[in-house]
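Participant: Make a model of this:
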Amino acid sequence: MGMNLDLKGRVGNTKLPLSNGLYPLFEAISNSMHAIDEAGEKKGLIQVEVVRAAPTPDLFDDDSSTNRPIEGFVIQDNGVGFTDANFKSFQTSDSTKKQTKGGKGVGRFLWLKAFDRVEIESVYEQDSTLHKRTFDFQLTEKGVEKMKNVETFETEKKTTVRLANFKSDFRQHHSCPKSAATIARRIVEHFLESFILDTCPKIRMHDNTEQTDLDLNRLFSTEMRLDVLRKDFQIKGQKFHLTHVRLLAPQELHHSIFFCAHKRSVKMEVLSKSLPCLEAPLTEPQGDRKFVYAGYVSGHALDSTVNSERTRFDIMDQTANTLLEDELSWQDILTTSIGKARDFLEPFTRPLNEAKKEHIKSFVVTEAPQYRPLLKHKADQIDSLRSNLTNEQLDLELYKIGQTWDLELRAKYRQLLEEKDVTAKSHEEFRQRYERFLEEWNESGISKLARYVIHRKATLDFLEERRGLKEDGKYQLEDAIHEIVFPLKKTTEDVRIENMNLWIIDEKLSYHHFLASDKPLNQIGETLEVDSDDRPDLLIFNRPFAFADSGPPFSAIVIIEFKRPARNDYSDKVEKNPILQVYDYIELLKGGTAKDRRGTPITVPDHLPIYAYIVCDLTPTLQKQAKDYQLTKTPDSLGYFGYHKEYGAYIEVISFDKLLDDAKRRNKILFDKMGLHGEASTLT
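Facilitator: Numbers count the residues shown, from 1 in each chain. Coordinates of the predicted model:
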């Protein structure tokens, strides 16, 4: 007798993700549970055998069990068996025979999704006589092959289901467990509600290859369960039950909440995605036992909406446009259930939360004060952070929260500008909202300033380190210093303003019109055309204060040259004379052609001011050159300055000591207010 449907089409339309490779085994065990219940068997027994591939020559005998792949499973029970009525139901797609027990009539199709064939042998009682029915279930036109049904002299009812030839896609998937012990735990987890309610028959698992014999009921009661607490709750008038279970922590389990239909798990939500401090097993307050939490949610709303494959619930999502106000959504169930789990776990997570808050507060106070306002205004988001974050990860997460807060404040700002208050009452409400907004806005601004101040402190610390000796006893090249102030071979258009550290030399340089870093003079034609491939380290065109239509689009030119720390080989040669080198640049620039606002070439005016800075160490040969060019020593003896009347150029020689000391003095009040002392700060 064949199946009364197109079996290939029905199996093809049955969905089974590769991550659910054990679901066919679960279906077979569930059928055994139903068969034992239908038989009214008081001493129900389900035996599961793991069948592994035979050893191959390339596997070592002492480790062959862990390498042999699983080929199938054998499930045997002492239930009612394949009576005529049950066999007819087996042959009927989407049978309603087990509807009251949650049966969808399609579970057996999952067998053929993951296994090549299923061999069934059943001894059952019919008309007070024992019969033996055997057949194969395969993906053929008839589906049922080699069917035989005869009277038997066997004395006990039993049904054996062999799931044969586990398909490699499912067997090799990373989520499919390999050891019998892990499979046993997965079975317990899947049918946990039956174990908890003590309605589960005795289940044993055998693996001859591993020489494993497991009692799953004992595994649950002695090795997995700590305690169980059942609570009822309602969502939009619908009743639900949540069973809180604490399990002794196996390494492979996460704190999770399971959504069940007809006492079987269907969907799992890992709680660490939603709740903080659940990244690792929890510890009991009194004692050192570690455990994981498993919550089991059940209710009629879940029983009635589970899909036929038991892989999801057909419940509308919160974002669905057709969702009515009083209609139950999946988000309602998920959010409420997670909240109940959080409340149950609060005594265990409280110490971890307090420790996490102390860690975050300490990090903010000592290393990242720019995030102080977040502790007040974004406490909820900070509370939701994981408890095992490193300082680097915490810095990133706080930065994200700060950026989101900034966007929220900008949106509030636009909204307040657009609103109109028409009555005294609304005016008072508007005033209060405005004051609350202004408080957040000001503190957000302080946060940005703090971040920038810390950036400055860290930059100066880094600069001080770079100008020192390297491990090989040599000094850094001038490029290492240059790169900190402004990236090499870039222009203003290439570099974001926060990556420019021109303030180290002079705060006013940040407000320039155009800058070229280590670029040949003949490649900066947009601003000035000069027929030379000489490359000043930094060439800066300052913004004009005002200029006529016929004038150049810049009010002054700044040249900056960096020299290697401790260099002492300066001479009269141009390439070894930084002062002469700067004067040559000035002459080339003065002889170049600028463009006015209309783009018309014009001669660079003789009166155009030029400022030149030479950053170096004041070694003896450098000091001799400064004196030869009649430069004046600064009062602190850390540099030289002078004015070249013919070129209209002011020149300043700045030692690295002076550069750092002056920058630190200018920023000292900011560093002091932020409590930034010591050698190094966190770069943000």
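Participant: can you tell me how far the closest residue to residue 261 other than its chain neighbours sits from residue 264?
Facilitator: Excluding its sequence neighbours, the residue lying closest to residue 261 (Cβ to Cβ, 6 or more residues apart in numbering) is residue 306, at 3.7 Å. The C-beta positions use only the backbone N, C-alpha and C, and glycine is treated the same way. Distance, residue 306 to residue 264, using Cβ to Cβ, to the nearest Å: 9 Å.
Participant: Just the pLDDT at residue 641, thanks.
Facilitator: Reported pLDDT at residue 641 in the predicted model: 95.
Participant: Dig out what it forms beta bridges with.
Facilitator: With DSSP bridges applied, residue 641 shows beta-bridge pairing to residue 632, residue 652.
Participant: That one: neighbouring residues, count only.
Facilitator: Neighbourhood size, residue 641 [other Cβ atoms under 10 Å]: 15.
Participant: One more: residue 462?
Facilitator: 15.
Participant: That one is in contact with residue 484, isn't it?
Facilitator: Yes. In terms of Cβ atoms under 8 Å, residue 462 counts as a neighbour of residue 484; the distance is 6.5 Å.
Participant: Name the secondary structure element that contains residue 586.
Facilitator: Assessed by DSSP states H and E, residue 586 sits inside helix 578-590.
Participant: hmm, back to that, pull the number of nearby residues for the residue nearest to residue 261.
Facilitator: 22.
Participant: and what of residue 151?
Facilitator: Neighbour number of residue 151 under other Cβ under 10 Å is 10.
Participant: Residue 221 now?
Facilitator: Neighbour tally, residue 221, other Cβ under 10 Å: 12.
Participant: list the contacts for it?
Facilitator: Residue 221 sits next to residue 195 when contact means Cβ atoms under 8 Å, 6 or more residues apart in numbering.
Participant: Now do the SS call for it.
Facilitator: Three-state call for residue 221 (DSSP: H, G, I helix; E, B strand; the rest coil): helix.
Participant: Skipping its backbone neighbours, what lies nearest residue 307 in space?
Facilitator: residue 314 (5.8 Å).
Participant: do residue 347 as well
Facilitator: With sequence-adjacent residues excluded and distances taken as Cβ to Cβ, 6+ apart, residue 347 is closest to residue 285, at 6.6 Å.
Participant: A strand includes the one you found, no?
Facilitator: No. According to three-state DSSP, residue 285 belongs to no strand; its state is coil.
Participant: so what pLDDT did it get?
Facilitator: Looking at residue 285, its pLDDT stands at 77.
Participant: got it, and residue 144?
Facilitator: Looking at residue 144, its pLDDT reads 89.
Participant: Residue 133 is in contact with that one, correct?
Facilitator: No. Contact between residue 144 and residue 133 fails when scored by Cβ under 8 Å: they sit 10.5 Å apart.
Participant: Between the two, point out the one with more neighbours.
Facilitator: Legend: neighbour count by other Cβ under 10 Å for residue 144 and residue 133, higher for residue 133 (22 against 18).
Participant: Now do the helix or strand containing that one: distance to the chain's middle.
Facilitator: Per DSSP H and E, residue 133 falls inside strand 129-138. Computed by Cα atoms, centre = their mean, to the nearest Å, the separation of strand 129-138 from the middle of its chain amounts to 53 Å.
Participant: quick one: strands adjacent to that strand?
Facilitator: If you go by DSSP bridges, strand 129-138 pairs up with strand 115-126 (antiparallel), strand 144-151 (antiparallel).
Participant: tell me the most buried of those?
Facilitator: Among these, ranked by average contacts under mean count of other Cβ atoms under 10 Å, first place goes to strand 115-126 (a mean of 19).
Participant: Touching that one from outside, list them.
Facilitator: For strand 115-126, contacts defined as Cβ under 8 Å, 6+ apart pick out 24, 72, 80-84, 86, 108, 111-112, 130-139, 152, 154, 156-167.
Participant: Let's see that with 7 Å instead.
Facilitator: 24, 72, 80-84, 111, 130-138, 152, 154, 156-167 (Cβ atoms under 7 Å, 6 or more residues apart in numbering).
Participant: quick revisit: if the residue nearest to residue 261 is in a bridge, with which residues?
Facilitator: Residues in beta-bridge contact with residue 306 (DSSP bridges): residue 313.
Participant: measure it to residue 335 for me?
Facilitator: In this view, residue 306 and residue 335 are 20 Å apart by Cβ to Cβ.
Participant: again, but for residue 658
Facilitator: In terms of Cβ to Cβ, residue 658 sits 62 Å off from residue 335.
Participant: Which one's more surrounded, the two?
Facilitator: Each of residue 658 and residue 335 has its neighbours counted (other Cβ under 10 Å); residue 658 has more, 18 against 14.
Participant: Excluding sequence neighbours, find me the nearest residue to the more buried one.
Facilitator: Closest residue to residue 658 apart from its sequence neighbours, by Cβ to Cβ, 6+ apart: residue 638 at 3.6 Å.
Participant: what's near enough to touch that neighbour?
Facilitator: Contact partners of residue 638, counting by Cβ under 7 Å, 6+ apart, are 655, 657-658.
Participant: backbone phi and psi for it, please?
Facilitator: Here is the backbone geometry of residue 638 (degrees, to the nearest 10): phi -110, psi 10.
Participant: and it, what pLDDT?
Facilitator: Reported pLDDT at residue 638 in the predicted model: 91.
Participant: Tell me how far it lies from residue 196.
Facilitator: Using Cβ to Cβ, residue 638 is found at 79 Å from residue 196.
Participant: Kindly report the same for residue 641.
Facilitator: Residue 641 sits 85 Å away from residue 196, going by Cβ to Cβ.
Participant: Now for residue 490: which residues touch it?
Facilitator: Counting by Cβ under 7 Å, 6+ apart, residue 490 touches residue 517.
Participant: Same question for residue 531.
Facilitator: Residue 531 neighbours (Cβ under 7 Å, 6+ apart): residue 522.
Participant: which regions of the stretch 551-684 of the chain lie under the pLDDT threshold?
Facilitator: Low-confidence segments of the stretch 551-684 of the chain (pLDDT under 70): 551-553, 594-600, 602, 670-684.
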